[in-house]
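S.K.: dropping the sequence and predicted coords here.
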There are 2 protein chains.
Amino acid sequence: MHVPRLLFLLFSILASIFSIRISAEGTVEQWDCFELSFSAPATANPFVGVAFSATFEKDGKRFQPDGFYDGNDVFKIRFMPNEPGIWTYRTQSNYAPLNGKSGSFTCTPAREGNHGPVQVRKQYHFGYADGTAFRPFGTTSYEWWYQPDEMRDQTLATLATSPFNKLRFLVIPNYRKEYYKGGSLELHDLPFEGDSRETFDFSRFNPKFFQRLEENVLKLQDLGIEADLILFRPYDNAKWGFDQMSMETNERYLRYLVARLAAYRNVWWCMANEHSYIDHLTDNDWDQLFRVVQASDPYAHLRSVQNADDIYDFNKPWVTHVAFHNYMAIRSPGVPSIIRSIYRKPVIHDEINYEGDVDSRWGQLSSEEMTYRFWVGTIGGTYVTHGETKRGEIGDGWISRGGALTRQSPARIAFLREILEQSGLTEWEPIDPAFQTNIAGKPGKYYLIYLGKDQIESWPFVLPRDGLEPGMRFQADVIDTWNMTITPTDQTFEVERGGRYHFSDKTRQTIALPTRPYMALRIQRIPE
Amino acid sequence: MHVPRLLFLLFSILASIFSIRISAEGTVEQWDCFELSFSAPATANPFVGVAFSATFEKDGKRFQPDGFYDGNDVFKIRFMPNEPGIWTYRTQSNYAPLNGKSGSFTCTPAREGNHGPVQVRKQYHFGYADGTAFRPFGTTSYEWWYQPDEMRDQTLATLATSPFNKLRFLVIPNYRKEYYKGGSLELHDLPFEGDSRETFDFSRFNPKFFQRLEENVLKLQDLGIEADLILFRPYDNAKWGFDQMSMETNERYLRYLVARLAAYRNVWWCMANEHSYIDHLTDNDWDQLFRVVQASDPYAHLRSVQNADDIYDFNKPWVTHVAFHNYMAIRSPGVPSIIRSIYRKPVIHDEINYEGDVDSRWGQLSSEEMTYRFWVGTIGGTYVTHGETKRGEIGDGWISRGGALTRQSPARIAFLREILEQSGLTEWEPIDPAFQTNIAGKPGKYYLIYLGKDQIESWPFVLPRDGLEPGMRFQADVIDTWNMTITPTDQTFEVERGGRYHFSDKTRQTIALPTRPYMALRIQRIPE
């Protein structure tokens, strides 16, 4: 019983001699990652035995991120300062070479394009820490970062010119045998030491795996793309056992991941994809995993979980937003706004079926339908995530491995995004949602009316009463959301009361429409 | 300081002399109400100062309902035995005349028609305590019991021949000035002593008010109708202040109500109508009010709350089922099943707009639309509540005062109820709800396919794959849900695999339809 303790003491003394602070004093930009690095012999199992953290302080503000072992006798600690100025730090550890190190560094103001981490804003929406609005336009590529460099780079190039500003992906890749046997992928680094179910040591992480993950999170950050990290997944096919780990292992994995990644400002935590397909974890287990992330992350990055058939209770206090997975909830106009009312939190429809042509019916949407669902979600005051499949490709194409986007919705999604950005409104709210399914904007100022699958010849100028006064004047544009055209009408509309709940144009004007689906109207007040 | 204590002692001694047990030994039917009654001088304020309960026991099963003061120096305690046999009891009180009374009585088996209280069953459904299925077909008449006897009796007669087996109504009536000034109603008994905001004594209940309520709950019980009691409501118009009482008063009111009514088997507790319109109560307050009811009610009667714009978190553990109030959630096929998946509890769409012709748009549904919404909710595995308005009537007619039902949906709702009862299925589940919006029943056995507003000429015989095997044979009926006809086809269908997700008729038969809205198909397996 005394031998390990003696060994530990011996190593501690040796280690304190070898200890060198590699990086430290200097400057770092606000919301960038400040990293401290210490060389010290990794005694016993440094992933388990070493408690290591640091306290960072400025003007009474205090953060205490955990450090982590990064392999090769190097321990690191990362910190994301949220204010310019001089920050001091002091480390704490049960391992002497890591304990009591102190110093300071200067945080410089964020440069253009660095808006800080994304947070919830105005109950149903998101914004960056610097006050800039953030409207999620997500896409999904579960294992893009795990692909060969060439393909990974192609994915990044695709994202750079896409409308997407958030990427959902797995931390731990799917096990699909076609990847690894006769497919294009080699079984290389995995999160734990070992290379098979029989040899994995769940008490020892493989730093190389996480280093590559970080490299790619930072590449997304450079593109201004949020990294929506999916922390657990059921897709193991009994091969590696990563969906059947003990809660102790799950919790250690989360703490390690958070210690490594929380200082990257573009990180979001998604506890799982299709969480309830991980059969052995109960609601209570998920609660506990959420709480571990919440307690470990000093910056309170966004937290959610993507449900499977059994819907997790997104009302729980540690859930910051809803990552909803229900196709019906995005197919019917009016429904997205119900979902957000139920949860009283921002809603991202994080899986709405994928555009493409695979055999599975979850991956067969037409480009028109994908575009339609983006509009339905947006008009409902919620957010929507894209994905694309391709028949015959390993992993069904983009949604798994990334590469190129080949279908027609992304251009239409870009068109929608541009309309929203041009509006000058930072948050979209459904208007009169208890009785209307297709209007959003700002009452009295700006209305976006989505006609969806209705193919009508003309639209009578009638608006819900809120925010309107007799005599207000409006202009209107006809938008073809599929052909991506915006056609101003040459009409001016002046409203008067038209019954108990509405205002109408005084002269009963209508707006002519081309009797096609996927049309919308943009109605804006003419300033006095 | 000593005078009240002395007085109390004196009264206690006097009271114990006068104390007479009025009813006690005897028999009572299972799930009926056994009542103990004690005469004792009501010292000081018996609604506040007297703690009084009794412990009822049989074979180690123990219940401890609270007693209550019923006016005129009478204290009562009520108990609903849930098993036949001999029950014993012993009272506890801080008031000597009520303390330590003991005795026993015999509980006889329930007679035909007495199925006990309704409980949640199989997660999304309801059943009586005796195992009989209970499928709620509710209607709404907020103040029916508060009307003159003649009108009250008319309401009961209407209910007796209606399809409705649950009635939602307010404990405390709405204050509408047209009821009381120039209207047909007299301001008579209210729940508290006094008759105006200035004179109400919120520490003293008015037993006559509650006696009348109980009389009417029992009249519903005689008709086999569940009494869905709404305990708070916002409709006070600053007149009585019953929506602005302190939490202390709210809690005392709940305990008094539960002590009086919990022994009636047909009682459900609905914490409020449009709860969030009671501005000063927070989520925490509602949590607390739920917990008071939960703690006071020994029988765990069903508990919910009807939301207003701000949706209460129905996931909370004390909520037994969802009393949902959102018109959009019942307008779109497929949506009801999402709502129940979110809450993982039974869902009753408890306000879906009312059928009728009042100026307010919440009361303008056509009979067709009311019927349609009943079908949409039913096919989604949820339950739906009816209501009817009439222009020009005080309180908008049936939904407020009861009386007669004059519109066309109740006959169609009866027709729907009959179809469900004929099915032999006790619980309805949506079939393939992630991709289909209009099928419910039991896979491989029984399918009810509701075509709603689609007006189609024919329906190809294609069913979702679950529960099907090649060679199974089916018969089909065409149902006109509006004209209330069931027309058997003379076809027999034999299924084979038809793609990845479906089975089709081998010979590609279709079912001819009359190109009208509101049609349905009933498809039943032909036994081997």
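M.R.: That came in fine, so what should we check first? Residues are numbered from 1 along each chain as shown, chains lettered A, B, ... in the order given.

S.K.: show me where the stretch 301-450 of chain A has its strands.
M.R.: Listed in chain order, the strands found in the stretch 301-450 of chain A under DSSP state E, counting those that start in this stretch are A:303-304, A:322-325, A:347-351, A:383-386, A:429-430, A:439-442, A:446-450.

S.K.: for A:D130, which of the ones you listed is the nearest?
M.R.: strand A:383-386 (20.0 Å; CB to CB). (C-beta placed from N, C-alpha, C; glycine too.)

S.K.: check the secondary structure at the residue in the stretch 1-150 of chain A that chain B sits nearest to for me.
M.R.: Per CB to the nearest CB, the residue of the stretch 1-150 of chain A with the smallest distance to chain B is A:Q123, at 10.9 Å. Local secondary structure at A:Q123 is given as coil here, using DSSP: H, G, I helix; E, B strand; the rest coil.

S.K.: not counting sequence-adjacent ones, nearest residue to it?
M.R.: Spatial nearest neighbour of A:Q123, excluding adjacent residues (CB to CB, 6 or more residues apart in numbering or on different chains): A:R344 at 6.7 Å.

S.K.: that neighbour contacts B:I311, doesn't it?
M.R.: Yes - judged on CB atoms under 8 Å, A:R344 makes contact with B:I311 at a distance of 7.1 Å.

S.K.: ok, these two, which is more surrounded?
M.R.: Taking A:R344 and B:I311 together and counting by other CB atoms under 10 Å in any protein chain shown, B:I311 has the greater number of neighbours (21 against 16).

S.K.: and the more buried one, how far from chain A?
M.R.: In this structure, B:I311 lies at 5 Å from chain A, with CB to the nearest CB, to the nearest Å as the measure.

S.K.: I'd say that residue and A:I339 touch.
M.R.: No - contact between B:I311 and A:I339 fails when scored by CB under 8 Å: they sit 10.5 Å apart.

S.K.: overlap of the contact sets of those two?
M.R.: Overlap between the contact sets of B:I311 and A:I339, as judged by CB atoms under 8 Å, 6 or more residues apart in numbering or on different chains, is nil.

S.K.: that older thread, make CSV from the strands of the stretch 301-450 of chain A and add mean neighbour count and distance to A:Q221 to it.
M.R.: As requested, the strands of the stretch 301-450 of chain A are exported to CSV (neighbours: other CB atoms under 10 Å in any protein chain shown; distance: least, CB to CB, whole Å):
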stretch, mean neighbour count, distance to A:Q221
strand A:303-304, 23, 19
strand A:322-325, 28, 21
strand A:347-351, 26, 20
strand A:383-386, 27, 19
strand A:429-430, 21, 30
strand A:439-442, 22, 30
strand A:446-450, 22, 31
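
S.K.: quick one: these as a markdown table, columns for distance to A:I77 and mean pLDDT too.
M.R.: Converted to a markdown table, these look like this (distance: least, CB to CB, whole Å; pLDDT from 0 to 100):
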| stretch | distance to A:I77 | mean pLDDT |
| --- | --- | --- |
| strand A:303-304 | 22 | 98 |
| strand A:322-325 | 30 | 98 |
| strand A:347-351 | 32 | 97 |
| strand A:383-386 | 33 | 98 |
| strand A:429-430 | 42 | 96 |
| strand A:439-442 | 45 | 97 |
| strand A:446-450 | 47 | 98 |
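
S.K.: nearest to B:D477, of the ones you listed?
M.R.: Comparing the strands of the stretch 301-450 of chain A under CB to CB, the one sitting nearest is strand A:322-325, at 36.1 Å.

S.K.: contacts only, for the residue lying closest to A:W482 once chain neighbours are set aside.
M.R.: Of all residues not flanking A:W482 in the chain, A:Y518 sits nearest, at 4.4 Å (CB to CB, 6+ apart). When the contact criterion is CB under 8 Å, 6+ apart, the partners of A:Y518 are A:E368, A:T371, A:Y372, A:W375, A:L451, A:G452, A:K453, A:D480, A:T481, A:W482.

S.K.: name the nearest of those residues relative to B:M472.
M.R.: When the contacts of A:Y518 are compared for distance to B:M472 (CB to CB), A:K453 wins out at 35.0 Å.

S.K.: contacting residues around the closest one?
M.R.: Contact partners of A:K453, counting by CB under 8 Å, 6+ apart, are A:Y372, A:P517, A:Y518.

S.K.: confidence score at it?
M.R.: Per-residue confidence (pLDDT) for A:K453: 96.

S.K.: what about it, which SS state?
M.R.: Secondary structure, three-state DSSP: A:K453 is coil.

S.K.: so how far is B:Y146 from it?
M.R.: Taken as CB to CB, to the nearest Å, the spacing of A:K453 relative to B:Y146 amounts to 47 Å.

S.K.: A:I439 pairs with what?
M.R.: Here A:I439 shows beta-bridge partners A:I449, assigned using DSSP bridges.

S.K.: that one touches A:Y447, doesn't it?
M.R.: Yes - with contact defined as CB under 8 Å, A:I439 counts as touching A:Y447 (5.8 Å).

S.K.: shared neighbours, the two?
M.R.: By the contact definition CB under 8 Å, 6+ apart, A:I439 and A:Y447 are jointly contacted by A:I431, A:L463.
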